[in-house]
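Enquirer: Got a predicted structure plus its sequence, pasted below:
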Amino acid sequence: MSKILTIGEILVEIVATKRGNGFREAVPLIGPFPSGAPAIFMDQAGKLGQDCAIISRVGDDDFGWVNIDRLKADGVDVSGIEVVPHGTTGSAFVRYREDGSRAFVFNIRHSACGTIELSDKTLALIDTCTHMHVMGTALYAPSVVKSILTAVERIKAAGGTISFDPNLRPEILDAPGMREALQVVLAKTDLFMPSGEELFLFAKASTEKDAVDELLAKGIKAIVVKRGAKGSSYFDGDNALHLPGYEVEEVDPTGAGDCFGATFVTFWLSGMHPADILRYANASGARAVTKAGPMEGASTRSELDALIQSQGNA
């Protein structure tokens, strides 16, 4: 059986209950919710029964342990999470604006997960894994970038595969070395998973079809384009598939793309047909938005089956 690895941020998310523009006034808050894009991804993979592990760092504080406890309970190998005795677990304060967009205040780079480095223990963990999932959000500090690129090289050299979700936010795109690291990862990628316009960050083409063709010609085996509530598309050398999303009541979209990605990668590694994988991944992303908190909507396979059946195999 395959084993998925990711490296990156683990943090808590604290959410304003009233909409508005930022945090320059006192507002009611809820949380802490376990979070961090790589952690959300792994939690969803674990809930599907997929063998998986994460390498990260947290502080020896309640925010760190709420994440470790959740990931462990959902089946994730947490042996690669280092608890830093005097460190501070990362955090993100989130407030929704009236138009549905979000304002963030992050503490990641200067938290425990901003100092991730590989040890003999985590190098040994890497060598037990057959697939590496890279998230663009995790390329936020030099030591983390070095750790991710080392894992990519080791897993790829051992015959494993790489998936890459750019998941880029404007505030990190121009971080030192970010663009160079993205290109190195893309060159090793088997499964590329951009959201919408992110496809064009890595191609010179001006149309989606031409961009897909350009990226496949570079050696990428398959491309999945996430379109939020509109569904998703899949492309490889023989297939171009488009499936609509599922109709649900949105409560909190944070983490939906990560749940989609984990579900897709899990079933892609199992050899499931791409059309069936898209159905499950779309259902996973849809269920994720129905709960407040980025990990709260992670799904079991039976829960995904129920949603798919209730909406007639959308």
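Expert: Now that the structure is in, tell me what you want to look at. Worth saying up front: this structure is predicted, and the values here are computed from it rather than measured.
Enquirer: Is the nearest residue to Glu214 once chain neighbours are set aside part of a helix or strand, or is it coil?
Expert: Excluding the flanking residues, the one nearest Glu214 by CB to CB, 6 or more residues apart in numbering is Ala203, at 4.6 Å. C-beta here means a position set from N, CA and C on the backbone, and glycine is covered the same way. Following DSSP: H, G, I helix; E, B strand; the rest coil, we place Ala203 in the coil state.
Enquirer: Please name the residues that touch Ala203.
Expert: 210-211, 214-215 (CB atoms under 8 Å, 6 or more residues apart in numbering).
Enquirer: redo that, cut-off 7 Å
Expert: Going by CB atoms under 7 Å, 6 or more residues apart in numbering, Ala203 touches 211, 214-215.
Enquirer: Would you mind checking these for buried ones?
Expert: 211, 215 (16 or more other CB atoms under 10 Å).
Enquirer: so where is the stretch 151-300 of the chain shaky, pLDDT-wise?
Expert: The model of the stretch 151-300 of the chain has pLDDT under 70 over residues 169-177.
Enquirer: now the contacts of Ala203 in CSV, with secondary structure?
Expert: What follows is the contacts of Ala203, written out as CSV (three-state DSSP):
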residue, secondary structure
Ala211, helix
Glu214, helix
Leu215, helix
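Enquirer: Closest one of the contacts of Ala203 to His110?
Expert: His110 has its nearest neighbour among the contacts of Ala203 in Leu215, at 34.6 Å by CB to CB.
Enquirer: ok, the closest one to Phe200 distance?
Expert: Noted for Leu215: a distance of 10 Å to Phe200, by CB to CB, to the nearest Å.
Enquirer: can you check Phe264 too?
Expert: Distance from Phe264 to Phe200, by CB to CB: 21 Å.
Enquirer: which one of these two has more residues nearby?
Expert: Phe264 (28 against 15; other CB atoms under 10 Å).
Enquirer: from memory the more buried one sits against Asp276, does it?
Expert: No - if you go by CB atoms under 7 Å, Phe264 and Asp276 don't touch, sitting 10.8 Å apart.
Enquirer: Now do the contacts for Asp120.
Expert: For Asp120, no residue meets the contact criterion (CB under 7 Å, 6+ apart).
Enquirer: can you check Gly20 too?
Expert: So, once contact is read as CB under 7 Å, 6+ apart, Gly20 ends up touching 27, 95, 97.
Enquirer: Most neighbours among the residues you listed, which one?
Expert: Highest count within the contacts of Gly20 by other CB under 10 Å belongs to Arg95, 21 neighbours.
Enquirer: was I right about it contacting Gly22?
Expert: Yes - in terms of CB under 7 Å, Arg95 counts as a neighbour of Gly22; the distance is 6.2 Å.
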